[in-house]
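Asker: Only the shape, not the letters, is given here:
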């Protein structure tokens, strides 16, 4: 009986993990589209981007990722993706 309950819990956790991963990918795509639309409409770039670019030049990507996480509250992967997409 305990084995059955444990299997159900593990299955439920794996399903939730899969759903969360799917949502994170969807949010990343939406953010990318929003940035593209903002550029086309002429909305000025976020001042954080300039700060992060200067940190990358001076101290490297790791420091820029740390700063991005502090300011935005992003997780490690999201902050890394954000910094990697700066041009």
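Answerer: Happy to help now that I have it. These numbers were taken from a predicted model, which means no experiment stands behind them.
Asker: and the helix or strand that contains residue 83, what other elements does it pack with?
Answerer: For residue 83, the host element (DSSP states H and E) is helix 76-84. Applying 3 or more Cβ pairs under 8 Å, 6 or more residues apart in numbering; DSSP states H and E, we find helix 76-84 packed against helix 2-41, helix 61-72. Where C-beta positions appear, they are placed from N, C-alpha and C, glycine not excepted.
Asker: thinking in terms of the whole chain, how far from its middle is that helix?
Answerer: Relative to the mean C-alpha coordinate of its chain, helix 76-84 is positioned 5 Å out (Cα atoms, centre = their mean, to the nearest Å).
Asker: just to revisit the earlier point, please identify the most buried of the helices and strands packed on helix 76-84.
Answerer: helix 61-72 (a mean of 17; mean count of other Cβ atoms under 10 Å).
Asker: Mind checking the pLDDT average for that one?
Answerer: With pLDDT averaged residue by residue, helix 61-72 scores 94.
Asker: Find the centremost residue of this structure, please.
Answerer: Nearest to the mean C-alpha position of the chain, by Cα atoms, centre = their mean, lies residue 78 at 1.9 Å.
Asker: any idea how the protein splits into domains?
Answerer: With domains defined by automatic domain parsing, the chain comprises 1-44, 45-87.
Asker: rewinding a little: identify the residues contacting the residue nearest to the centre of the chain.
Answerer: 24, 28, 72 (Cβ atoms under 8 Å, 6 or more residues apart in numbering).
Asker: same deal with residue 51?
Answerer: Counting by Cβ under 8 Å, 6+ apart, residue 51 has contacts residue 67.
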